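Asker: Structure for the following, please:
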Amino acid sequence: MDKRTRKIPYAAALVLLVLLEIGGRVVRIDAVWFPMAETILTRLIGALVFLPLIRRMGYPVLGGFRKPLSRFALPVILASWIVALNNLPIVGLVSGNARVSAGGPVLLLFALECAAVGCFEELAFRGFLLPWCAEGMKGKRNAAFLSALVSSAVFGAVHLVNLFAGGSPGAVAMQIGYSFLIGGLCAAVLLASGSVWLCAAVHAVYNFCGTILSRFGEGVRWDPLTVGLTVGIGAAAGILILIYLLRADGALEKLLPHNGQPPVGS
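Answerer: Below is the predicted model:
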């Protein structure tokens, strides 16, 4: 199969993804399940575009945990899960000041939506873009930090498209900000573990916990205790991750194709 023929599945999938995305915004069915089903389908198609691309580039991020984990890896991974789970309004739900009104089937579909979004975005921005940046920054000081910074900045910037979907400038600016931060968190997880699937799991849980109340519930999201916990946990995790990224150039080398050899087919 020549290079031109190999590009056909990618092009077809990309065209289908765009058509589904545009079509879903133009033709809306007044049902709770339709937007979620649309998102699941489009993101899974996007994930299927990046899976073979990552394999072809030779980026070793599609397997399990890197063995052995470094002494700094486990604290970073644990911190990422604490941040993701803390995104749930635990205080409000326990105190009764907040509640989720959706039933089990809707919540299951929502969980699948979060998983599909997590898989697509992590394959695209951590599985592909971060190692691609690393190849260009190989040999530079603090290459891990710079690769994480660039890939996270791009991840945040792509959320500008939500302005065209009717999002307010303030809401979109906030989304860009926390997308940049979760991008940095997931970049550290990838460097620590070597597995993009762990990044996708953390991302999916973060999205699920952070939006379940606004999508399918009501009540107080940000009480004083929740704000304090979030600030404290976020600050501690941010410092830990920043220190790790500044020391992770060795881990970054392991994300390069075949430890620095040319990718498959080049």
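Asker: Identify all contacting residues around stretch 59-69.
Answerer: For stretch 59-69, contacts defined as C-beta atoms under 8 Å, 6 or more residues apart in numbering pick out 51, 54-55, 73, 126-128, 131-132, 190, 192-198, 254-258, 263. C-betas here are computed from N, CA, C, even on glycine.
Asker: pLDDT weak spots in this structure?
Answerer: Applying pLDDT under 70 to the chain flags the ranges 1-31, 165, 258-266.
Asker: chain center to the helix or strand containing residue 189: distance?
Answerer: Assigned by DSSP states H and E, residue 189 belongs to helix 169-193. Averaging C-alpha positions (C-alpha atoms, centre = their mean, to the nearest Å) puts helix 169-193 8 Å from its chain's average.
Asker: Output the helix or strand just after that helix as CSV, nothing but the C-alphas.
Answerer: Sequence order places helix 196-216 as the next helix or strand after helix 169-193, per DSSP H and E. Provided in CSV are the C-alpha atoms of helix 196-216 (Å, rounded to 0.1, in the frame of the first residue of the first chain):
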residue,chain,number,x,y,z
VAL,A,196,-1.9,7.1,27.6
TRP,A,197,-4.8,5.0,28.8
LEU,A,198,-4.2,6.0,32.4
CYS,A,199,-4.3,9.7,31.2
ALA,A,200,-7.6,8.9,29.5
ALA,A,201,-9.0,7.4,32.7
VAL,A,202,-8.0,10.3,34.9
HIS,A,203,-9.4,12.8,32.3
ALA,A,204,-12.7,10.9,32.1
VAL,A,205,-13.1,10.8,35.9
TYR,A,206,-12.2,14.5,36.1
ASN,A,207,-14.9,15.4,33.5
PHE,A,208,-17.5,13.1,35.0
CYS,A,209,-17.0,14.5,38.6
GLY,A,210,-16.8,18.1,37.5
THR,A,211,-19.9,18.3,35.3
ILE,A,212,-22.3,15.8,36.7
LEU,A,213,-24.1,18.3,38.9
SER,A,214,-24.4,21.0,36.2
ARG,A,215,-25.6,18.5,33.7
PHE,A,216,-27.9,16.2,35.8
